[in-house]
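Trainee: dropping a prediction and its sequence here:
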Amino acid sequence: MGKYKIIWRVKARRQYIHHLSYAYQEFGTKAFYKWVNSVQDMEDCLEDHPRAYMKVPELSDMFREYHGHIVMKNFKIIYSVDDQRKQVRIVAIWDMRMEPKKLLKLI
């Protein structure tokens, strides 16, 4: 099958950096590295198994199929898969404590 390349949308990368910064400032080094390791584990899995995580039901009406992986209990990393280009595109990090309608604005 071959490895898929992980591509971060600029907005998603900014959200990730924001969450890392917040985790470090509020909870310390341990929380920071927990975030980093969770995301790295997810990326490693997606390279070989791009559809390993469940579809996001809140986005089922969209043109693309979106999947999500929960990290740190309250956040879902949203991504789509492009089989032709062998890419996984990470498009957003959704704080699941927010109203589900706000997820559409992130995408």
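Mentor: That came in fine, so what should we check first? Only a predicted model underlies this, so the values are computations on that prediction, with no experimental measurement involved.
Trainee: all contacts plus neighbour counts: C-alpha atoms, from now on.
Mentor: Fine.
Trainee: what segments of the protein are helices?
Mentor: Using DSSP state H, the helices found in the chain span residues 10-27, 29-48, 100-106.
Trainee: residues in contact with stretch 47-64?
Mentor: The contact list for stretch 47-64, computed with CA atoms under 8 Å, 6 or more residues apart in numbering, reads 1-6, 45-46, 65-69, 78, 80-81, 88, 100, 103-104.
Trainee: can you tell me the closest non-neighbouring residue to residue 8?
Mentor: Sequence neighbours aside, residue 90 is the residue nearest to residue 8 in space, at 4.8 Å (criterion: CA to CA, 6 or more residues apart in numbering).
Trainee: partners of the one you found in the sheet?
Mentor: According to DSSP bridges, the residues that bridge with residue 90 are residue 8, residue 79.
Trainee: who are the contact partners of it?
Mentor: Taking CA under 8 Å, 6+ apart, one finds 6, 7, 8, 9, 12, 77, 78, 79, 80 in contact with residue 90.
Trainee: and what of residue 97?
Mentor: Applying CA under 8 Å, 6+ apart, the residues contacting residue 97 are residue 74.
Trainee: re the thing from before, in ChimeraX, select just the buried ones from the contacts of stretch 47-64.
Mentor: In ChimeraX, this line selects whichever of these come out buried by 16 or more other CA atoms under 10 Å:
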select :4,5,6,45,46,66,67,68,69,78,80,81,88,103
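Trainee: distance check, the nearest residue to residue 38 once chain neighbours are set aside against residue 63.
Mentor: Excluding the flanking residues, the one nearest residue 38 by CA to CA, 6+ apart is residue 71, at 6.3 Å. Distance, residue 71 to residue 63, by CA to CA, to the nearest Å: 25 Å.
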